[in-house]
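Visitor: The sequence and its predicted three-dimensional model are supplied below.
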Amino acid sequence: MVKIKIRDMCFGYGSTPILEDVSVDIYRSSFVSIVGPNGAGKSTMLKCINKILMPNSGDIHIDECNLKHMKRMEVARNLAYVPQSSNRIFPTTVFETVLMGRRPHIGWFNNEIDKEKVWQVLEEMGIEDLALCSFDELSGGQQQKILIARALAQDTGVILLDEPTSNLDIWHQLDVMESVQRLVSEKKVTALMAVHDLNLASRYSDQILMMKDGKVVSAGKPSQVLTTENIAKVYGVEAHVYNHAETPYVMPLKQLDVGVSS
Ligand SMILES: Nc1ncnc2c1ncn2[C@@H]1O[C@H](COP(=O)(O)OP(=O)(O)OP(=O)(O)O)[C@@H](O)[C@H]1O
C-alpha cells in the first residue's frame, strides 16, 4: 500500500529549478534511501515532503491526504523529520529536547504519559543517562541521536531522516540503522532517509531512489539501482559492485570525469 505518493513535483529557489518532475511511490512500512551526489536535491525533497518547503507544482499525498491541505500540526502528527545536524542548538536538557517531539500531540502542556514516552524512547536508544545533560554540550554524534530520539517520541507513521549517520562512528552508524529498521519492521513505520553511504543504503533499504540534478534517475531494489552503470552515470566514479544476493556491495575505484557531481 502506498504511504507517500509524489506526482510531478517541481521546486525551485527563485527561478533556479532544484527538483524537476519527481514522481515516486513510497510504500507503507518500507525503508527507503535517497542517494545521489552533493547538491542532487535529496534534502530539498525531504523538506518538500515535510512541508518545510512548498513545491511550485505537483502533488504529495500522505495516505489519501493531499499535503497542501494539511495544517502544520497535522503534518507533525504524521511525519517526523530529523534534520542534518549542522549547528542545531537547543538551550535545553536532553529530556526537554526529546519532549518537544510530543508537542504535536499535546500542545505545550505535557502530562505524565508524554514524559513516560520520552523515558521509554531514551531507554530504547540506550541514552537515558544523558537525560539531564545540556543538549548543546553534547558531541555531534550524541546530538544526532537525541534528534532521532525526538523524532521517535513524535510517534508518527513516517520518519524522514537527512543523513542521520553523518556524524557517527561505525558502531553508532549501525546502531541508528538498526533502530530505524526495527521501527519499520516492528512498528510499521515508513522511513525515508537521505544518505551518502551506498553500502549502508544497500544493506538496510527495501528501496533506493538515486537522484541527480533534481531528478530521480533510478528507483527500485538496491540490486536494481546500485549498478556499475548507474554509479558511473550519476557520480562519475568507476566502481566494482559485488552482488551478495540482493545486497550489492559498492567499492569505488576511481573518478571517471571530475565535475560530474557538484
Ligand atoms: N536556501 C537555499 N537557497 C538557494 N539554493 C539552495 C538553498 N538550499 C539548497 N540550495 C541548492 O539546492 C540544490 C540542492 O540542494 P540539497 O541540499 O537539496 O542537495 P543534497 O542532495 O541534499 O546535497 P548534500 O548531499 O550536499 O547535502 C543545491 O544546488 C543547493 O545549492
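Guide: Thanks, I have the structure now. Owing to the predicted nature of the structure, the values given are computational and were not obtained by experimental measurement.

Visitor: what residues does the stretch 151-262 of the chain put near the ligand?
Guide: Ala194 (CB under 6 Å from any ligand atom). Every residue, glycine included, has its C-beta placed from N, CA and C.

Visitor: how about low-confidence regions in the stretch 151-262 of the chain?
Guide: 258-262 (pLDDT under 70).

Visitor: Relative to the ligand, which residue of it is the closest?
Guide: Ala194 (5.8 Å; CB to the nearest ligand atom).

Visitor: Do I have it right that that residue meets Lys42?
Guide: Yes. With contacts counted by CB atoms under 8 Å, Ala194 reaches Lys42, the gap being 3.8 Å.

Visitor: Show the contacting residues for Ser223.
Guide: Listed by CB atoms under 8 Å, 6 or more residues apart in numbering, the contact set of Ser223 reads 243, 246-248.

Visitor: got a list of what Leu183 touches?
Guide: 152, 159, 189, 191.

Visitor: Check Pro55 too.
Guide: 9-11, 19, 48.

Visitor: circling back: give me the buried subset of the contacts of Ser223.
Guide: 247-248 (16 or more other CB atoms under 10 Å).

Visitor: Go through the contacts of Ser223 and flag which are in strands.
Guide: Applying DSSP state E to the contacts of Ser223, the entries found in strands are 243, 247-248.

Visitor: so how many other residues sit close to Thr97?
Guide: 25 (other CB atoms under 10 Å).

Visitor: The one 5 residues further on too?
Guide: Look at Arg102: counted by other CB under 10 Å, it has 21 neighbours.

Visitor: Quick check: it touching Gln154?
Guide: Yes. Taking contacts as CB under 8 Å, Arg102 lies within contact range of Gln154: 7.2 Å.

Visitor: so where's the stretch 1-150 of the chain uncertain?
Guide: 85-89, 107-110.

Visitor: Show me the strands in the stretch 151-262 of the chain, by range?
Guide: For the stretch 151-262 of the chain, the strands defined by DSSP state E, counting those that start in this stretch occupy 158-162, 190-194, 207-212, 215-220, 237-244, 247-255.

Visitor: strands paired with the longest one, and their directions?
Guide: Same thing as strand 247-255. Here strand 247-255 has these sheet partners by DSSP bridges: strand 237-244 (antiparallel).

Visitor: So which residues of the protein form helices?
Guide: 42-49, 72-78, 94-99, 103-106, 112-124, 140-153, 170-187, 198-204, 222-225, 228-235 (DSSP state H).

Visitor: And those helices: which comes nearest Lys212?
Guide: Nearest to Lys212 among the helices of the chain is helix 228-235 (4.7 Å), distances taken as CB to CB.
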